[in-house]
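Trainee: Here's my sequence, what's the structure:
(chains A and B)
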2 protein chains.
Amino acid sequence: MTSLFLRALNGETTARPPVWFMRQAGRYLPEYRELRAKAPNFVAFCLNPEMAAEVTLQPMRRFAFDAAIVFADILLICQALGQNVAFEAGEGPRLGPLPAVSAMRDRIEGVARALSPVGETLSRVRTALEPERALIGFCGAPWTVACYMLDGEGREERPAARRFAYEQPEMVDALLGVLVEASAQYLAMQAKAGADALQLFESWAEGLPDALFERLVTGPQTRLIARLRELGVTVPVIGFPRGAGASYAAYAERVPTQGIGLDTSVPLELGRRLQAQRTIQGALDPLLLRAGGPELDRRVEAMSQAWGAGPWIFNLGHGILPDTPIAHVEATLRRITGA
Amino acid sequence: MTSLFLRALNGETTARPPVWFMRQAGRYLPEYRELRAKAPNFVAFCLNPEMAAEVTLQPMRRFAFDAAIVFADILLICQALGQNVAFEAGEGPRLGPLPAVSAMRDRIEGVARALSPVGETLSRVRTALEPERALIGFCGAPWTVACYMLDGEGREERPAARRFAYEQPEMVDALLGVLVEASAQYLAMQAKAGADALQLFESWAEGLPDALFERLVTGPQTRLIARLRELGVTVPVIGFPRGAGASYAAYAERVPTQGIGLDTSVPLELGRRLQAQRTIQGALDPLLLRAGGPELDRRVEAMSQAWGAGPWIFNLGHGILPDTPIAHVEATLRRITGA
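Mentor: Residues are numbered from 1 along each chain as shown, chains lettered A, B, ... in the order given. Okay, here's the model as predicted:
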């Protein structure tokens, strides 16, 4: 029997929406914090299949989520392409010098092997997870990963990446080309290892004029998916163009994903229109999940009213916040799943 | 004869779009940096009518801009309401402790007087400026100013403001109420002092679920404009809901401004649709103005093709960057004005 999650992702309107939360394996869980404390190096933690599988499964034991998402990080691929990545405690990631594009190109065929521990994590989780619960693999979308690689850190403004997009277009386009191919190889490996679906995280779709949105976001993602299909991968794909704003509809028209992730700012009415083209996924505000109370209940009800009649996967519009009370997660899951 | 800027803002399709740039009085100009160096305190600089008028006029002498915008800062109103504001060199603003709402309410009627130097600046500039060039007054929109007041600084994430919007709604709504009334008084004073048009800067419309967008952005702005009209102010208003994304159309439907400022991410096609309701203003990417070259020319041409047949004020989608070459400003103005 196909899982509720995959049925919804394949376009079916299910009796209730399947549900999972971005960053559901994370710091809001005491059992996560406990395990994490034993592994001070975050990259090593992600690449330890035993620990990563355990962390992936933690929220699945506690909550009635319909899908697990492999515990990993969108920047692991930078490391595999030869750019060092370090996560300092209490800070964002810091990346080392950007290798030459030609050097990165030479490493593409080794990416799946370098990231094989993520495959091992997926295999372990798929074996441990009940068949009616789906397992999601993922990677960062090319432009978002390129922003980190070019700026060397996760700055909201991305001054270097956005500058280079205009001032060194050939270099940026070549880097995106490397990331398209490397990400396709990486995702194909994840699908082979047991991922039932794949998500592309485009965390930084925002602020781009339409011509750049096409060049940096929809173009590379479309090529990535085409390449993935050429590699024989058939599992459904969810694209999450966070911050796409007024370009959400254009994204849905151009990028051939099965699902589209909605961020917190997508109006209910736009979500409803997008359901005509795609399964939508989202879009509860993590700040509201943390706040709880009657306004949370009202919003979940409003989402159900607006989106319940079309294919919909219930999720947040961004990752769950570390100080979210577990009771709010439980209450929201009860509202959605009735369990 | 009414200025080209005001004709466009009143809905007329002009032979060429009038043009001005956000932050056109600013650090990219050597004469600005020279004067600024003489006044280390930024708030005092803004409240010095002689200096502020001079800075407002500097770009008008150099370039063929159709409108000047008074040199001031959206946070001056916080100071007038009793919250200290300091600008440290090389950093963003730092605000002191938030006063009680009741204390701020008591200060509303003194706001126009406290900010009368801004009125004096406007009078001086209006006198010095040729009649065919318009003068714009402005303030921060209530939610954006509230974000600074609640977070105490200009953080992109605005963790306190966004948290309080859910967790202390009465306090946030009361603060917005104070800002609506104080801003209306402030703008009325500016109109009386010589402003030909007024702009509301909503720098942080982004990331809000539709219900919050209505409560925090369109609701307070609509009440502010209604109050402004009650106070007898008749000059046109431009609303700039930066980051409104998929809610741009809802903003245009709800907030009765004459002009709507478009940020860099508004697709050309959406801008064209918005022209049916409003004069649009925008939306060249400041990064592209800085970069220059044939891509800049192509974009200006694409904007002209898309928007030239409707009411349009040429502008950037955000403030001009400090390291923008003056030659790029000149070349762009030549393209638009033919002068």
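Trainee: Once you drop chain neighbours, what's closest to A:F164?
Mentor: A:V172 (5.2 Å; Cβ to Cβ, 6 or more residues apart in numbering or on different chains). From N, CA and C alone the C-beta is placed, and that goes for glycine too.
Trainee: shouldn't that neighbour be in contact with A:L150?
Mentor: Yes. Using Cβ atoms under 8 Å, A:V172 is in contact with A:L150, at 7.5 Å.
Trainee: give me phi/psi at the closest residue to chain B within the stretch 51-200 of chain A?
Mentor: Going by Cβ to the nearest Cβ, chain B is nearest to A:Y166 of the stretch 51-200 of chain A, at 3.8 Å. Here the main-chain torsion angles of A:Y166 (degrees, to the nearest 10) amount to phi -90, psi -40.
Trainee: and it, what does it touch?
Mentor: By Cβ atoms under 8 Å, 6 or more residues apart in numbering or on different chains, A:Y166 lies in contact with B:285, B:287-288, B:290-291, B:295.
Trainee: What does the pLDDT read for it?
Mentor: You'll see A:Y166 listed with a pLDDT of 96.
Trainee: on that earlier part again, identify the contacts common to A:V172 and A:L150.
Mentor: In contact with both A:V172 and A:L150: A:161, A:164, using Cβ under 8 Å, 6+ apart.
Trainee: Around chain B, pick out the residues from the stretch 51-200 of chain A.
Mentor: By the rule Cβ under 8 Å from any Cβ of the partner chain, the part of the stretch 51-200 of chain A lying against chain B is A:156-157, A:162-163, A:165-167, A:169.
Trainee: now do 6 Å
Mentor: A:156, A:162, A:166-167 (Cβ under 6 Å from any Cβ of the partner chain).
Trainee: Please narrow those residues to those residing in strands.
Mentor: Among these, none falls in strands (DSSP state E).
Trainee: circling back: do you know how far the residue of the stretch 51-200 of chain A closest to chain B is from A:L95?
Mentor: 21 Å (Cβ to Cβ, to the nearest Å).
Trainee: can you pull out the strands in the stretch 201-339 of chain A?
Mentor: Using DSSP state E, counting those that start in this stretch, the strands found in the stretch 201-339 of chain A span residues A:237-241, A:259-261, A:279-284, A:312-316.
Trainee: Quick check: which of those strands is nearest to chain B?
Mentor: For those, the distance to chain B is smallest for strand A:279-284, at 7.7 Å, taking Cβ to the nearest Cβ.
Trainee: Tell me if I'm right that the residue nearest to A:F164 and A:R163 touch.
Mentor: No. Taking Cβ atoms under 6 Å as the definition, A:V172 is not a contact partner of A:R163, at 9.8 Å.
Trainee: re earlier: and the residues of the stretch 51-200 of chain A next to chain B, which of them are buried?
Mentor: A:162, A:166-167 (16 or more other Cβ atoms under 10 Å in any protein chain shown).
Trainee: Strands of the stretch 1-150 of chain A, start to end?
Mentor: Counting by DSSP E, counting those that start in this stretch, the strands of the stretch 1-150 of chain A are A:67-69, A:85-87, A:93-95, A:134-140.
Trainee: hmm, back to that, A:V172 and A:R163: which is more packed in?
Mentor: For A:V172 and A:R163, the more surrounded residue by other Cβ atoms under 10 Å in any protein chain shown is A:V172, and the numbers stand at 22 against 18.
Trainee: if I look at the closest residue to A:A165 other than its chain neighbours, how far off is A:E157?
Mentor: Nearest residue to A:A165, sequence neighbours excluded (Cβ to Cβ, 6+ apart): A:V172, at 5.2 Å. Distance, A:V172 to A:E157, by Cβ to Cβ: 16 Å.
Trainee: again, but for A:A327
Mentor: From A:A327 to A:E157 the distance is 36 Å (Cβ to Cβ).
Trainee: now do A:A291
Mentor: 28 Å.
Trainee: For these two, indicate the residue with more neighbours.
Mentor: More neighbours surround A:A291 than the other of A:A291 and A:E157, with 21 against 11 (other Cβ under 10 Å).
Trainee: Let me see the contact set for that one.
Mentor: By Cβ atoms under 6 Å, 6 or more residues apart in numbering or on different chains, A:A291 lies in contact with B:166-167.
Trainee: Local confidence estimate at it?
Mentor: 97.
Trainee: Mind naming the longest helix for chain A?
Mentor: For chain A, the helix reaching the highest residue count under DSSP state H is reported as helix A:169-193.
Trainee: Check the average confidence over that one, would you?
Mentor: So the average pLDDT for helix A:169-193 ends up being 98.
Trainee: Grab the nearest non-local neighbour of the residue of the stretch 151-300 of chain A found nearest chain B.
Mentor: For the stretch 151-300 of chain A, the residue closest to chain B is A:G245, as judged by Cβ to the nearest Cβ, at 2.4 Å. Leaving aside its sequence neighbours, A:G245 sits nearest to B:G245 (Cβ to Cβ, 6+ apart; 2.4 Å).
Trainee: and if you look at A:E157?
Mentor: That would be B:E156: by Cβ to Cβ, 6+ apart, it lies 7.9 Å from A:E157.
Trainee: Per-residue pLDDT of that neighbour, please?
Mentor: 78.
Trainee: now swap in A:M1 and tell me
Mentor: So, for A:M1, pLDDT stands at 62.
Trainee: Find the pair from the contacts of A:Y166 with maximum spatial separation.
Mentor: Largest separation among the contacts of A:Y166 by Cβ to Cβ: B:R290 and B:E295, giving 11.7 Å.
Trainee: Specify which residue of those two has the higher count of neighbours.
Mentor: In terms of neighbours (other Cβ under 10 Å), B:R290 is the more surrounded of B:R290 and B:E295; the figures are 20 against 17.
Trainee: hmm, back to that, so which of the contacts of A:Y166 sit within helices?
Mentor: Checked against DSSP H, the contacts of A:Y166 include these in helices: B:287-288, B:290-291, B:295.
Trainee: What are the buried residues along stretch A:41-52?
Mentor: Neighbour counts over stretch A:41-52 (16+ other Cβ under 10 Å) mark A:42-43, A:45-49, A:51-52 as buried.
Trainee: With stretch A:265-283 instead?
Mentor: In stretch A:265-283, counting by 16+ other Cβ under 10 Å, buried: A:265-268, A:270-272, A:274-275, A:278-283.
Trainee: The residue lying closest to A:G243 once chain neighbours are set aside: how many residues sit nearby?
Mentor: Taking Cβ to Cβ, 6+ apart, and ignoring the residues beside it in sequence, A:G243 has A:E206 as its nearest neighbour in space, at 2.7 Å. A:E206: 25 surrounding residues under other Cβ under 10 Å.
Trainee: Please consider this matter closed, and thank you.
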